[in-house]
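Undergrad: 3D model of this:
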Amino acid sequence: MRKVSLLLLLTFCSASLFAQNENEKEQPSMAVSKNVVKLNLFALALKNFSIQYERAVARKISVAATFRYMPTGSIPFKSTFKDLADDPDTEKQIDDLRIGNFAIMPEARFYLGKKGALNGFYLGLYANIAMYNTSLPFQYDDNGTTKTIPMSGNLTAITGGIMIGAQFKLGGPVYLDWWILGPGYGTSNGKLTGSKSMTPSEQQDLRDEFADTDIPLTKFTYTVNSTGATMDFKGPWAGIRSGLAIGIRF
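TA: Presented below is the predicted three-dimensional model:
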């Protein structure tokens, strides 16, 4: 009887230790951090603030959302564009051009490596919903005199694309996410309006200038009257996403 009791006791203790060891093994996996918040360093050079939140939802799958904001101001690398223009009138327009934007980019990622989600190379599918605002002085020639009408407005672009990238652990909770290449394609539409009192001669000169304006692959219509002008845009929109983001996993 004592042998049976001792055997039962040993069995119970062994089962308890086994269960404890299993719990200890399971505990780290249950405590694995599934979230990463990142800042795109490349975007800062373009006067953009781009922040991404990513969460693992399966062993090799994650979802992410990127928020980008560019306050209204002069265009990035303005001096470079002025050097390329090499024309006083064009340079003045570049100086006076103002642009800003806000975008939301949802994304789904599939990680290719054995480490699973949030580690290694990945393929992603993303959408980009972007809203741009701009203001510029549009120049036209009126009987040999260069005149301008201040135009301003908004443009919305919706695109979808594929992202190829890689994410690596630098140390501790710090991660580096390289958005290698993310081409996208979609559609856009927008409107620019300008207010100015114009004579019939000026109105016709502005119409002629609009008619000579060539915007590749984009359809636009315009109206001109004695109080100003309006331009409506609609057409395809393409872009490439890339970046280098540093983040914290938690």
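
Undergrad: from here on, contacts and neighbour counts on C-alpha atoms
TA: Noted.

Undergrad: State the mean pLDDT of stretch 180-198.
TA: Regarding stretch 180-198, the rounded mean pLDDT is 96.

Undergrad: Now do that stretch: distance to the chain's middle.
TA: In terms of CA atoms, centre = their mean, to the nearest Å, the centre of stretch 180-198 is set 16 Å apart from its chain centre.

Undergrad: What residues sit buried inside it?
TA: Within stretch 180-198, the residues that count as buried by 16 or more other CA atoms under 10 Å are 182-186, 188-194, 198.

Undergrad: Which one of those is nearest to Asn119?
TA: Using CA to CA, Gly182 comes nearest to Asn119 of the buried residues of stretch 180-198, at 18.3 Å.

Undergrad: give me every residue that touches the closest one.
TA: Shown in contact with Gly182 (CA atoms under 8 Å, 6 or more residues apart in numbering): 161-164, 240-242.

Undergrad: Tell me the secondary structure at Thr156.
TA: Here Thr156 takes the strand state, with states given by DSSP: H, G, I helix; E, B strand; the rest coil.

Undergrad: Drop anything exposed from the contacts of Gly182.
TA: 161-164, 242.

Undergrad: Restricted to strands, list these.
TA: Mapping those onto strands (DSSP state E) picks out 161-164, 242.

Undergrad: Please name the nearest non-neighbouring residue to Arg241.
TA: Counting by CA to CA, 6 or more residues apart in numbering, Gly182 is the residue found nearest to Arg241 once chain neighbours are left out, at 4.6 Å.

Undergrad: State the helix or strand in which Thr134 lies.
TA: strand 120-142 (DSSP states H and E).

Undergrad: Same question for Gly190.
TA: Going by DSSP H and E, Gly190 is in strand 174-195.

Undergrad: May I have that strand as CSV, with CA atoms only?
TA: C-alpha atoms of strand 174-195 as CSV (Å, rounded to 0.1, in the frame of the first residue of the first chain):
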residue,chain,number,x,y,z
VAL,A,174,14.6,48.6,-31.5
TYR,A,175,13.8,47.6,-35.1
LEU,A,176,14.7,48.9,-38.6
ASP,A,177,12.2,48.6,-41.4
TRP,A,178,13.5,49.1,-45.0
TRP,A,179,10.7,49.9,-47.5
ILE,A,180,12.8,48.8,-50.5
LEU,A,181,10.3,49.4,-53.3
GLY,A,182,6.6,50.0,-53.4
PRO,A,183,5.2,51.0,-56.8
GLY,A,184,1.5,52.1,-56.9
TYR,A,185,-1.1,53.1,-59.4
GLY,A,186,-4.6,54.6,-59.2
THR,A,187,-6.7,57.7,-60.0
SER,A,188,-6.9,61.3,-59.0
ASN,A,189,-9.1,64.4,-59.2
GLY,A,190,-8.9,68.0,-58.1
LYS,A,191,-9.7,71.6,-58.6
LEU,A,192,-7.8,74.9,-58.7
THR,A,193,-9.6,78.2,-58.5
GLY,A,194,-8.3,81.8,-58.8
SER,A,195,-10.0,85.2,-58.3
